[in-house]
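J.: got a predicted structure plus its sequence, pasted below:
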Amino acid sequence: KGDILVLVQPHGPCGKAAYVPQGPEFSPENQEDYGPYLEELSQKMIKHLGHDVSFIRYDLPWKSQYSSEIENNQRETFPEPRVREMRMNMGTKFWNLRKASMDMTVASSLIVDLKGPEDEILKKMKPKTRYNIRLAERKGVRVFRAQENMLPDFYSLYCQTASRNGFAICDYKHFLAIFNSHRDNPSNS
């Protein structure tokens with residue numbers, strides 16, 4: 001169900017790595033089925049990607065298995081990677097799913113419905129988020145749908161942010177592939 005963008009890159013002397021940024025978009029309804037779903041999807045994808053692919057990395061846009069506990073103040077943060085791996089592998093045949101040592105995208109995000117009055121939208125956010133939004137507005141920050149010719153400008157800002165905040169960066173071609181995958185279907189961007 002839906003499309004999946006898979007980026008294949010050399011990895012090691014003889015292998016390749018497959019990367020699925022922000023995908024797959026579809027997730028099982030039951031969060032406990034995440035692991036078996038990813039295992040089955042990976043086994044089907046490897047037939048098309050080739051056996052020289054050492055691993056497939058997913059950066060999932062799915063609701064976390066721990067989000068309800070965090071929202072209800074039963075947990076402050078995500079458990080350690082080893083515990084997350086065990087839960088994700090429950091119900092799988094091979095127990096081959098691993099938590100990456102580093103996140104390529106934000107570890108968690110909040111989806112905000114942008115319908116309705118701006119004041120109501122802002123009320124649902126944390127005070128620090130509201131402050132930062134209003135500060136950005138005062139500083140002249142604008143948000144708009146950019147065209148492909150502005151991708152180099154975005155990438156430059158992204159690299160500056162990565163350098164300032166100390167996170168690993170992705171190649172320009174990574175963002176170009178994501179941009180191009182949404183070009184024919186702007187409702188996904």
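T.: That came through fine. Numbering: from 1, shown residues only.
J.: the protein: helices as residue ranges?
T.: Along the chain, counting by DSSP state H, helices occupy 34-49, 67-71, 81-89, 118-123, 127-138, 151-165, 172-183.
J.: can you say which of the ones you listed is nearest to Ile4?
T.: Closest approach to Ile4 among the helices of the chain is made by helix 34-49 (7.8 Å; Cβ to Cβ). Bear in mind the C-beta positions are built from the backbone N, C-alpha and C, glycine included.
J.: quick one: distance of the closest one to the chain centre.
T.: Relative to its chain's centre, helix 34-49 lies at 18 Å (Cα atoms, centre = their mean, to the nearest Å).
J.: return that helix as CSV; C-alpha atoms alone will do.
T.: Once non-C-alpha atoms are left out, helix 34-49 reads as follows in CSV (Å, rounded to 0.1, in the frame of the first residue of the first chain):
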residue,chain,number,x,y,z
TYR,A,34,5.4,-3.3,13.3
GLY,A,35,8.3,-5.8,13.5
PRO,A,36,6.7,-8.7,11.6
TYR,A,37,5.5,-6.2,8.9
LEU,A,38,9.1,-4.8,8.5
GLU,A,39,10.6,-8.2,8.4
GLU,A,40,8.2,-9.4,5.7
LEU,A,41,8.6,-6.2,3.7
SER,A,42,12.4,-6.5,3.9
GLN,A,43,12.4,-10.1,2.7
LYS,A,44,10.2,-9.1,-0.3
MET,A,45,12.3,-6.0,-1.1
ILE,A,46,15.7,-7.9,-1.0
LYS,A,47,14.5,-9.9,-4.0
HIS,A,48,14.4,-6.7,-6.0
LEU,A,49,17.4,-5.0,-4.5
